[in-house]
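1. please work out how this folds:
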Amino acid sequence: MDSHSALDSARPLAHRLLQLRGRGAPTDYARALLESLGARVDVTAGPADVGPGIAWARSGLMALTGFADGPAQMCPAPLASCADGAIKALSCVAPATADALPAGSALLGERAAIAGLHRNGAVSPGGGCRLLAAADGWLAVSLARESDWSDVPAWLEDERVRSWEDIAAAAASRSAEQLVERARLLGLPACISAPTRTPQSWCVTTRHGPPAPTGKRLDPPKVVDLSSLWAGPLCSHLLQLLGAKVIKVESLGRPDGARNGPRPFYDLLNCGKRSVALPFDDHGVERLNELIDWADIVIEASRPRALRQLGVFAEQCIARRSGLTWVSITGYGREQPGCNWTAFGDDAAVAAGLSALMQQVSGLSLICGDAVADPLTGMHAAVAALASHQSGGGRLVSLALRDVVAHCIGFSRPQSDAALRERWRTWTAEARSLGLDETPPAARTAPGPARALGADNDSVFAGWGDQC
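-> Next up is the predicted model:
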């Protein structure tokens, strides 16, 4: 296979001609996504898209950004338009069922709407992530899990550190780089807040196995979702809306942490998915491999070593199962050293440069929106997953939370800092003139409850999966 053929083999939409209608930032972004996957895209005149500033305000994320006692803040990057564009790209790949999809920008604030979250400056709306001033710059750290707090004294080498106030005081006299490096060694989600470096791609696709027969490529995919929290479950939820059959697989010992959060949000993302819970001993891993061999698409959102320690290697699974697409969602990619770093949606957005961008235009150190890297990555992952499935699969599709947000920040970015600040002022004025700046986030209502943990173990392994 020559180099051009190898490149086309990895790019899911190579040689495919797709049609887009519309004009504006979401249409332009959808085109960019599809072309990056190899498609030839024909854009025809259509309805004007909602502008980026208005989309940000209507999403509810403007109301979620800023200090509690100050005005809501505009994001100068078209993140809401990129979300709309990602869903537009997904609709283009699956036009027959596209009416089932919600607007992308509307998905960005659903968790905050359900949980009743509010803006809080340098603290994330959910409270788990904070921007901290170090001696030489800013960093972000997320302490969302009980185990994270138990590691804080070791991180800061001080047994007396027990609160956020203690952490802020300790960080103020230390180097941001050293604080982040030590946090990562302990598995804490941490990053430096620095200007954006646009990544080479929002996803990386590599060929590892044979494609599926042509006749099966347009069938609704069978999906095994090994992920948790928001990005991965949103990806499988969107595929489910397009007709996919989804089995959600969790560890009996460590189920999806979102089960412990607001139940309506968990139900929204997981209603209609079959639930399988496994102990990850030898028998459980054997069962897991059976599910993987049944699937057309596998979605996982853990550091690569987590499954490898169980003897499950994505590349080997793709090689043995004809047509399999493996979607890997990580914080920083699958390569060293980033593959070992933990990330959540808020700190990954800071790592992408979002807080530095907000500080550049507003002069304020702010967390932007609510865990925005999660829903953005979930939408992008659905586009890549379905595109790969429809072209036969046999690929590993890798997306990093940081890189997806950085890609969105870099889209149509003004050439100069002055032009960026002028854009921010213009978009802000537009949203405020229409009274949209304090628009609260909204959420859809789940059609029913999600299945209880392991509710479908017996039916799935008795042949339910074969009947789907």
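2. all contacts plus neighbour counts: C-alpha atoms, from now on.
-> Will do.
3. and S398, that's in a strand?
-> Yes. Under DSSP: H, G, I helix; E, B strand; the rest coil, S398 sits within a strand.
4. touching, it and E335? I think so.
-> No. Counting by Cα atoms under 8 Å, S398 does not reach E335; the two are 10.3 Å apart.
5. compare neighbour counts for these two and give me the winner.
-> Legend: neighbour count by other Cα atoms under 10 Å for S398 and E335, higher for S398 (23 against 9).
6. need the contact list for that one.
-> 203-205, 327-330, 333-334 (Cα atoms under 8 Å, 6 or more residues apart in numbering).
7. okay, these in TSV with pLDDT and secondary structure next?
-> As requested, these are exported to TSV (pLDDT from 0 to 100; DSSP: H, G, I helix; E, B strand; the rest coil):
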residue	pLDDT	secondary structure
C203	95	coil
V204	94	strand
T205	95	strand
V327	98	strand
S328	98	strand
I329	98	strand
T330	97	strand
G333	95	coil
R334	94	coil
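8. make TSV from those residues and add distance to L364 and neighbour count to it.
-> Converted to TSV, these look like this (distance: Cα to Cα, whole Å; neighbours: other Cα atoms under 10 Å):
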residue	distance to L364	neighbour count
C203	31	24
V204	34	19
T205	37	22
V327	36	26
S328	34	25
I329	30	27
T330	29	29
G333	29	23
R334	33	20
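9. now those in a markdown table, with distance to G435?
-> Output for the contacts of S398, formatted as a markdown table (distance: Cα to Cα, whole Å):
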| residue | distance to G435 |
| --- | --- |
| C203 | 37 |
| V204 | 40 |
| T205 | 43 |
| V327 | 40 |
| S328 | 40 |
| I329 | 37 |
| T330 | 38 |
| G333 | 40 |
| R334 | 43 |
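10. all strands for the stretch 51-200 of the chain, in order.
-> According to DSSP state E, counting those that start in this stretch, the stretch 51-200 of the chain carries its strands in the segments 129-134, 137-142, 190-192.
11. which residues of the stretch 201-350 of the chain score low on pLDDT?
-> Across the stretch 201-350 of the chain, the ranges flagged by pLDDT under 70 are 215-216.
12. show me where it has helices.
-> 231-241, 263-270, 282-294, 304-308, 314-320, 345-351 (DSSP state H, counting those that start in this stretch).
13. please work out which of those is packed deepest.
-> Of all the helices of the stretch 201-350 of the chain, helix 345-351 has the most neighbours on average by mean count of other Cα atoms under 10 Å, namely a mean of 31.
14. who does the next helix or strand after it touch, helix- and strand-wise?
-> As assigned by DSSP states H and E, the chain's next helix or strand after helix 345-351 is helix 354-362. Judged by 3 or more Cα pairs under 8 Å, 6 or more residues apart in numbering; DSSP states H and E, the packing partners of helix 354-362 are helix 401-410, helix 417-433.
15. and helix 354-362, how far from the chain's centre?
-> 21 Å (Cα atoms, centre = their mean, to the nearest Å).
16. and it with helix 417-433, angle?
-> Computed by axes from the mean of the first three to the mean of the last three Cα atoms, to 10 degrees, the angle separating helix 354-362 from helix 417-433 equals 90 degrees.
17. centroid residue for this structure?
-> By Cα atoms, centre = their mean, the chain has its centre lying nearest to T377, at 2.4 Å.
18. for the record, mean pLDDT for the helix or strand where that residue lies?
-> Assigned by DSSP H and E, T377 belongs to helix 373-390. The average of the pLDDT scores along helix 373-390 is 97.
19. what of stretch 26-33?
-> pLDDT averaged over stretch 26-33 gives 97.
20. same check on stretch 79-96?
-> Rounded mean pLDDT across stretch 79-96 is 94.
21. CA atoms of it as PDB?
-> Taking C-alpha atoms only, stretch 79-96 is exported to PDB below (Å, rounded to 0.1, in the frame of the first residue of the first chain):
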ATOM      1  CA  LEU A  79     -17.300  27.100  21.000                       C
ATOM      2  CA  ALA A  80     -21.100  27.000  20.700                       C
ATOM      3  CA  SER A  81     -20.900  27.300  16.900                       C
ATOM      4  CA  CYS A  82     -18.400  24.500  16.800                       C
ATOM      5  CA  ALA A  83     -20.800  22.400  18.800                       C
ATOM      6  CA  ASP A  84     -23.600  23.200  16.300                       C
ATOM      7  CA  GLY A  85     -21.200  22.500  13.500                       C
ATOM      8  CA  ALA A  86     -20.200  19.100  15.000                       C
ATOM      9  CA  ILE A  87     -23.900  18.100  15.100                       C
ATOM     10  CA  LYS A  88     -24.400  19.500  11.600                       C
ATOM     11  CA  ALA A  89     -21.500  17.300  10.400                       C
ATOM     12  CA  LEU A  90     -23.000  14.300  12.200                       C
ATOM     13  CA  SER A  91     -26.400  15.000  10.500                       C
ATOM     14  CA  CYS A  92     -24.600  15.100   7.200                       C
ATOM     15  CA  VAL A  93     -23.000  11.700   7.700                       C
ATOM     16  CA  ALA A  94     -26.400  10.200   8.700                       C
ATOM     17  CA  PRO A  95     -29.000  12.400   6.800                       C
ATOM     18  CA  ALA A  96     -31.900   9.900   7.000                       C
END
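22. residues contacting R207?
-> 9-10, 394-396.
23. kindly report the same for D49.
-> Contacts of D49 by Cα under 8 Å, 6+ apart are 22-27.
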